[in-house]
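Novice: Pasting the sequence and the predicted coordinates here, then a few questions.
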Amino acid sequence: LCINFANEKLHQLFLQTMFKAEEKAAAAEGVVLPQRAEFCDNAGCLAMLEQSPRAIFRLLDTCCAVAATPQNFCLQVHEVHCDS
């Protein structure tokens, strides 16, 4: 989970640096881009992992504190994020 989280954070940094910032700079300079670059924004994935109170990492901390099983953790994640 931590390796996936690190990869998602790096992906977001890349998106911020390469796409979002360049689009903003072009707009500020009045440059009309022929078409918007398509990219998969992973902000929702990061929010699900790290934004309290529904963060997966918070659920994991809670499960570890009460010695829950991996199955309990998976069930909690599903209950909290089934609509995400």
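Specialist: That came in fine, so what should we check first?

Novice: do you know how far residue 26 is from residue 20?
Specialist: To residue 20, residue 26 is 11 Å away according to Cβ to Cβ, to the nearest Å. C-beta: built from backbone N, CA, C; applies to glycine.

Novice: and what of residue 34?
Specialist: 18 Å.

Novice: Who has more neighbours out of these two?
Specialist: Neighbour tally, residue 34 and residue 20, criterion other Cβ atoms under 10 Å: the higher count belongs to residue 20, 14 against 4.

Novice: show me where pLDDT drops low in the protein?
Specialist: 84 (pLDDT under 70).

Novice: Now do the helices in it.
Specialist: Assigned by DSSP state H, the helices in the chain fall at 2-15, 21-28, 43-50, 56-65, 70-81.

Novice: what would those look like in JSON lines with mean neighbour count?
Specialist: Converted to JSON lines, the helices of the chain look like this (neighbours: other Cβ atoms under 10 Å):
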{"stretch": "helix 2-15", "mean neighbour count": "12"}
{"stretch": "helix 21-28", "mean neighbour count": "11"}
{"stretch": "helix 43-50", "mean neighbour count": "15"}
{"stretch": "helix 56-65", "mean neighbour count": "14"}
{"stretch": "helix 70-81", "mean neighbour count": "13"}
